[in-house]
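Asker: below is the sequence, then the predicted model.
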Amino acid sequence: MNELTVVFGEFVVATMKVFAAIFILLVAILVIWIIVTYIVDVTQTQQTIRRNYPVIGRFRYFFEHLGEFFRQYFFAMDREELPFNRAQRSWVYRAAKNVDTTVAFGSTDNINGSGRVLFVNCSFPTLGQDAVAPVPVTVGSDCKYPYTTASIFNISGMSYGAISKPAVLALSAGAKEAGCWMNTGEGGLSPYHLEGGADIVFQIGTAKNGVRDVDGNLNDEKLQEVASHAEVKMFEIKMSQGAKPGKGGILPGNKVSEEIARIRNIRVGEDANSPNRHTDVKSYEDLLNMINRVRDVTGKPVGIKMVVGAPSHIDSLLEAIIERGKESAPDFLTIDGAEGGSGAAPMALIDAVGMSLRETLPMVVDKLNQYGLRDRIKVIGSGKLVTPSAVAWALCAGADFITSARGFMFSLGCIQALQCNKNTCPTGITTHDPKFQEGLHPATKAIRVTNYVNNMVKEVGLIAHACGVNSPRALNRSHARIVVGGGLSKGMDEIFPDYEQVESE
């Protein structure tokens, strides 16, 4: 027994010596690191804080980085964050998972806040009936291959390259099941867009990726090749987008793989910077020429996507159409507000360029009525429309369809980590790092995409039913009020009277 005690005691002593040696080594490493860091900090000239407060000054940058995450998870109230607050994200998450989206004890939103939209409930709604499914709408009825769809809520442009392969697969499969369309973004048509079988809107960006020749010019053979896919229903010529009006798309070189370079016809590993406009479009006449060329070559509806900078821009476009003839008009207009922002962009453009969708969507609809083009041109609203109330507002304003990018990113599991412009997205949506992509399971996420669309349509239908109409597309400006200040609201039909109504007065 005594021998066992002695052996055990020697083992304890030896273990303590090992731990002591390790501790001394760690302390020595720490001291050396502090000394080296101190010397580096006091001799560098890039950061004043580190130079004046060597070593400890580094914690300032560390805590600043952590602050983003602490604010999101611990300190920010449900309605405080931007660009999307916790309440908005939570609704999308619950809708995508198809779990209960009801809340208790009243709204956390400020119903008296200026700009807040309130819907006009009907005194005597239709008893015991829910809103019926949206009615189908045809785009490009005069085209060789018009497109008819009942979908009111669709996936906005997100390029393969900007988002990952599993993200595209999930979106495509989910959109197919939900019966909505998917916009390719300006990165061209990948096999993963087609794999899910969803309806596709092919976007022609300023670099003309996927429909260009080696010199970057629009190529008719490439257009015909894309149009030959039955899934491709429409073409959208992108003039500008909400995240960066006046600047082309940006895909960092670390995302330009061999496959992406082949799809886009660009060089591997180099930043893919699209021109800030189509080099061959210098006027509205040139724009109409491009629209009609694409439509003649493909036989499919063609529209344009734009951020409105001033009302006169819409006047100039519509005047050019009238002068040339209504048949030359685009089949649809996608109006993106300055609220848009899924693309990486300079803060100066994201924060301060372009008009809000809240202002431009009803304005564009009215101008189409004014020029007698409303029946000819369909209107798509885009820009921060991720919840049922936002979508219902757009329908009241006059939109035929709504598209969203960031809403569908949330449905895939986006946590608003603000890493979209890097290759480090923790949810695997906007990265090409296999380690992060592994966590995004396309089959599972496709179900969430479908659930998101279905629950969106269901709850927009609830709003429509509360307003006394039996279909989301029956909503109009008489069904919404906007808080204008001091907690008082005015009818949307008073703030934005229809052009036809103004004329009759």
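Answerer: On my side now, so go ahead.

Asker: can we go C-alpha only for contacts and neighbour counts from here?
Answerer: Fine.

Asker: check which helices and strands the helix ranked longest in the chain sits against.
Answerer: Using DSSP state H to assign secondary structure, the helix with the most residues in the chain is helix 2-43. Contacts defined by 3 or more C-alpha pairs under 8 Å, 6 or more residues apart in numbering; DSSP states H and E place helix 2-43 against helix 48-52.

Asker: identify the residues contacting the helix it packs on?
Answerer: Contact partners of helix 48-52, identified using C-alpha atoms under 8 Å, 6 or more residues apart in numbering, comprise Asp41, Val42, Thr43, Gln44, Thr45, Ile56, Gly57, Arg58.

Asker: got the contact list for the closest residue in space to Tyr145 that isn't next to it in sequence?
Answerer: Leaving out its chain neighbours, the residue that sits closest to Tyr145 by C-alpha to C-alpha, 6 or more residues apart in numbering is Lys300, at 5.0 Å. Residues counted as contacts of Lys300 (C-alpha under 8 Å, 6+ apart) are Gly140, Cys143, Lys144, Tyr145, Pro146, Tyr147, Ala227, Lys233, Met234, Phe235.

Asker: separation between Lys300 and Pro388?
Answerer: Distance of Lys300 to Pro388, given as C-alpha to C-alpha, to the nearest Å: 30 Å.

Asker: quick one: the strands in the stretch 201-350 of the chain?
Answerer: 232-238, 250-251, 272-273, 302-306, 332-336 (DSSP state E, counting those that start in this stretch).

Asker: worst average pLDDT in these?
Answerer: Lowest mean pLDDT of those: strand 250-251, a mean of 69.

Asker: which residues touch Ile321?
Answerer: Each residue near Ile321 by C-alpha under 8 Å, 6+ apart is listed here: Leu288, Ser328, Ala329.

Asker: which of the helices or strands spans Asn154?
Answerer: Assigned by DSSP states H and E, Asn154 belongs to strand 153-155.

Asker: mind listing residues that contact that strand?
Answerer: Taking C-alpha under 8 Å, 6+ apart as the rule, strand 153-155 contacts 175, 180-183, 391, 401-405, 408, 453, 456-457.

Asker: so which of these comes closest to Glu323?
Answerer: Nearest to Glu323, judged by C-alpha to C-alpha, of the contacts of strand 153-155 is Phe401 at 27.3 Å.

Asker: so what sits opposite the closest one in the bridge?
Answerer: Beta-bridge partners recorded for Phe401 (DSSP bridges): Ile380.

Asker: OK, contacts around it?
Answerer: Counted by C-alpha under 8 Å, 6+ apart, Phe401 has contacts Ser151, Ile152, Phe153, Asn154, Val379, Ile380, Gly381, Leu395.

Asker: of the residues you listed, which is the most crowded?
Answerer: Ranked by the number of neighbours (other C-alpha atoms under 10 Å), those place Gly381 first, at 30 neighbours.

Asker: related to what we said a few turns ago, and the contacts of Lys300, which of them are buried?
Answerer: Buried subset of the contacts of Lys300 (neighbour count, 16 or more other C-alpha atoms under 10 Å): Gly140, Cys143, Tyr145, Pro146, Tyr147, Ala227, Lys233, Met234, Phe235.

Asker: wait, the first one sits on Pro301?
Answerer: This points to Gly140. Yes: between Gly140 and Pro301 there is a contact under C-alpha atoms under 8 Å: 4.9 Å.

Asker: mean confidence for stretch 473-488?
Answerer: Averaged over stretch 473-488, pLDDT sits at 92.

Asker: ends of that stretch, how far apart?
Answerer: OK, stretch 473-488 end separation, C-alpha to C-alpha: 27 Å.

Asker: list the buried ones in it?
Answerer: So, applying 16+ other C-alpha under 10 Å, buried residues of stretch 473-488: Arg473, Ala474, Leu475, Asn476, Arg477, Ser478, His479, Ala480, Arg481, Ile482, Val483, Val484.

Asker: how far does the longest helix of the chain sit from its chain's centre?
Answerer: 53 Å (C-alpha atoms, centre = their mean, to the nearest Å).

Asker: where does the stretch 401-505 of the chain dip in pLDDT?
Answerer: 421, 499-505 (pLDDT under 70).

Asker: strands of that one, start to end?
Answerer: Going by DSSP E, counting those that start in this stretch, the stretch 401-505 of the chain shows strands at 401-404, 480-485, 488-491.

Asker: quick one, which of those strands gets closest to Ser123.
Answerer: Once the strands of the stretch 401-505 of the chain are compared by C-alpha to C-alpha, strand 480-485 is nearest, at 14.5 Å.

Asker: low-confidence ranges, the stretch 201-350 of the chain, go.
Answerer: For the stretch 201-350 of the chain (pLDDT under 70), the answer is 249-251, 341-344.

Asker: which residues do Gly140 and Pro301 both contact?
Answerer: Pro146, Tyr147, Asp331, Phe332.

Asker: and the residue lying closest to Val449 once chain neighbours are set aside, what element?
Answerer: Distances taken as C-alpha to C-alpha, 6+ apart put Gly174 closest to Val449, at 5.0 Å, once the chain neighbours are dropped. Element membership for Gly174 (DSSP H and E) is helix 165-178.

Asker: which elements pack onto that helix?
Answerer: Using 3+ C-alpha pairs under 8 Å, 6+ apart, helix 165-178 is in contact with strand 181-183, helix 191-195, helix 406-412, helix 442-466.

Asker: what's the local residue count around Gly372?
Answerer: 14.

Asker: spatially central residue for the protein, please.
Answerer: The residue lying closest to the centre of the chain (C-alpha atoms, centre = their mean) is Ala405, at 2.4 Å.

Asker: most neighbours out of the contacts of helix 48-52, which is it?
Answerer: So for the contacts of helix 48-52 (other C-alpha under 10 Å), the most neighbours sit at Asp41, 23 neighbours.

Asker: which ones are touching the closest residue to Thr424 other than its chain neighbours?
Answerer: Closest residue to Thr424 apart from its sequence neighbours, by C-alpha to C-alpha, 6+ apart: Thr431 at 6.0 Å. Neighbour list for Thr431: Ala162, Ile163, Ser164, Lys255, Cys420, Lys422, Asn423, Thr424, Cys425, Gln437 [criterion: C-alpha under 8 Å, 6+ apart].

Asker: in TSV: these, plus neighbour count and distance to Thr15.
Answerer: Shown next, in TSV, are the contacts of Thr431 (neighbours: other C-alpha atoms under 10 Å; distance: C-alpha to C-alpha, whole Å):
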residue	neighbour count	distance to Thr15
Ala162	28	53
Ile163	20	52
Ser164	23	50
Lys255	25	50
Cys420	19	49
Lys422	16	46
Asn423	18	44
Thr424	18	42
Cys425	22	43
Gln437	21	43
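
Asker: would you reformat the residues you listed as a markdown table and include distance to Leu223?
Answerer: Converted to a markdown table, those look like this (distance: C-alpha to C-alpha, whole Å):
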| residue | distance to Leu223 |
| --- | --- |
| Ala162 | 22 |
| Ile163 | 23 |
| Ser164 | 24 |
| Lys255 | 25 |
| Cys420 | 30 |
| Lys422 | 31 |
| Asn423 | 31 |
| Thr424 | 34 |
| Cys425 | 33 |
| Gln437 | 31 |
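
Asker: which of those residues sits closest to Ala21?
Answerer: Thr424 (38.1 Å).

Asker: so the closest one makes contact with Gln437?
Answerer: No: if you go by C-alpha under 8 Å, Thr424 and Gln437 don't touch, sitting 10.1 Å apart.

Asker: distance to Gly309 and neighbour count added to the contacts of Ile321, as TSV?
Answerer: Listed next are the contacts of Ile321 as TSV, based on distance: C-alpha to C-alpha, whole Å; neighbours: other C-alpha atoms under 10 Å:
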residue	distance to Gly309	neighbour count
Leu288	19	20
Ser328	23	16
Ala329	20	24
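
Asker: of these, which is the nearest to Ile447?
Answerer: Ala329 (37.4 Å).

Asker: quick one, phi/psi of the closest one?
Answerer: Main-chain torsions, Ala329, degrees, to the nearest 10: phi -70, psi 150.
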